[in-house]
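Novice: let's see this in three dimensions:
(one chain, ligands or ions: 1)
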Amino acid sequence: MNDTSPAGGAASLDVSIASKDYHSASGRPLRALEGLRLTLPAGQAGAVVGPSGCGKTTLLRLIAGLDKDYVGTIVLPEHGRLGMVFQEPRLLPWRSVIDNIRVAAPHAREDDIAALLDELRLAEHAAHFPRELSLGLARRVALARALAVKPDLLLLDEPLVSLDAALAQDLREMIARLIDERRITTLIVTHDLREAIALGDRLYLLSARPAHVVATIDVPAPRRALERETAERLEAQAKDAFAAARAGSSQPRHPSA
Ligand SMILES: Nc1ncnc2c1ncn2[C@@H]1O[C@H](COP(=O)(O)OP(=O)(O)OP(=O)(O)O)[C@@H](O)[C@H]1O
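Specialist: Residues are numbered from 1 along each chain as shown. From the prediction side, this is the model:
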């Protein structure tokens, strides 16, 4: 019924999900995704934006191979090594920060781990335990852990949610720099359009549940130098596409940015 596989030479992420149903305790099916297709070119950052409860986390879980109960095909970038950061950092509580990273990436070189800790401003926390970390710090450790495996695909689920504005901006800039420098194919899930525009090279706008892509918008490069005017234009364009989808004219389209 489904197929999740590393690409045989192709480097992009290709997702084609005919349907994903959940089954409630009463046995009534709940359709989370239907006819959802997206392609993310290698080395790019894609941002999946959609209303609360539309199926964003479900989509990430399918791509990560954590849930295989769906109808469709998912082709991962070559080699298919995944790094994932969940909304909750999910660190091992009995391990220090550096050991959390070592356990997840046993083949990582110590100097690569040290460089990651430096880049994420975690060096002074290397010996700390998760209970000693704020949510913002724990997210950074989770990100370091995901990057330490040198993923072919990085999956980020609402990386900035529940952080105050200053911390969110700080982490957003760190993520943008890391994925730009390392050219990691990255898929970010968010409910926040501005966050998506700040982090994504390409935006995938999802409909309400059952989710499908109602529009794909390319963010003009270079993303980091995006002018406020351009960002505002993209935001308006995305809002129009969401409104059109809600009004029922939700034909998939690819407006030029
Ligand atoms: N294990 C499950 N069993 C039954 N229903 C589920 C399960 N997981 C998710 N759902 C339902 O599937 C739908 C999509 O959920 P999902 O968490 O993927 O949405 P989301 O867009 O990530 O939501 P949010 O923005 O609130 O994080 C929701 O209606 C949710 O209640």
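
Novice: I figured Leu143 hits Leu155, correct?
Specialist: No: the criterion here is Cβ atoms under 8 Å, and Leu143 misses it with Leu155 at 11.4 Å. No exception for glycine: its C-beta is placed from N, CA and C like everyone else's.

Novice: joint contacts of the two?
Specialist: Val85 (Cβ atoms under 8 Å, 6 or more residues apart in numbering).

Novice: how far is stretch 89-105 from where the chain is centred?
Specialist: Distance of stretch 89-105 from its chain centroid, counting by Cα atoms, centre = their mean, to the nearest Å, is 21 Å.

Novice: in it, which residues are buried?
Specialist: Across stretch 89-105, burial judged by 16 or more other Cβ atoms under 10 Å covers Pro89, Leu91, Ser96, Val97, Ile98, Asn100, Ile101, Arg102, Ala104, Ala105.

Novice: same deal with stretch 27-36?
Specialist: Quick answer for stretch 27-36 (16+ other Cβ under 10 Å): Ala32, Leu33, Glu34, Leu36.

Novice: check the residue in the stretch 151-257 of the chain positioned nearest to the ligand and give its pLDDT.
Specialist: For the stretch 151-257 of the chain and the ligand, the shortest gap (Cβ to the nearest ligand atom) falls at His191, measuring 5.0 Å. What the model reports for His191 is a pLDDT of 91.

Novice: just to revisit the earlier point, looking at the buried residues of stretch 89-105, which is nearest the ligand?
Specialist: Nearest to the ligand among those is Pro89, at 15.9 Å by Cβ to the nearest ligand atom.

Novice: contact partners for the spatially most central residue of the chain?
Specialist: Nearest to the geometric centre of the chain sits Ile188, at 2.1 Å (Cα atoms, centre = their mean). Residues in contact with Ile188 (Cβ under 8 Å, 6+ apart) are Ala45, Gly46, Ala47, Val48, Leu156, Pro159, Ile175, Glu195, Ala196, Leu199, Gly200.

Novice: now with 7 Å, please.
Specialist: The contact partners of Ile188, by Cβ atoms under 7 Å, 6 or more residues apart in numbering, come to Ala45, Ala47, Leu156, Pro159, Leu199, Gly200.

Novice: could you do Ala47 as well?
Specialist: Ala47 neighbours (Cβ under 7 Å, 6+ apart): Ile188, Thr190, Ala196, Leu199, Gly200, Leu203.

Novice: does it belong to a helix, a strand or coil?
Specialist: Classification of Ala47 using DSSP: H, G, I helix; E, B strand; the rest coil returns strand.

Novice: then the one 4 residues further on?
Specialist: Per three-state DSSP, the local secondary structure of Pro51 is coil.

Novice: take the buried residues of stretch 27-36 and keep only those in strands.
Specialist: Judged by DSSP state E, strands contain the following of the buried residues of stretch 27-36: Ala32, Leu33, Glu34, Leu36.

Novice: farthest residue from the center of the protein?
Specialist: In terms of distance from the mean C-alpha position of the chain, Ser26 ranks first, at 31.8 Å (Cα atoms, centre = their mean).

Novice: now His128: how far from the ligand?
Specialist: From His128 across to the ligand, the span is 29 Å (Cβ to the nearest ligand atom, to the nearest Å).

Novice: before we move on, back to that, I'd like the ones in strands among the buried residues of stretch 27-36 as CSV, with distance to Leu135 appended.
Specialist: Putting those into CSV (distance: Cβ to Cβ, whole Å) gives the following:
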residue, distance to Leu135
Ala32, 27
Leu33, 29
Glu34, 34
Leu36, 30
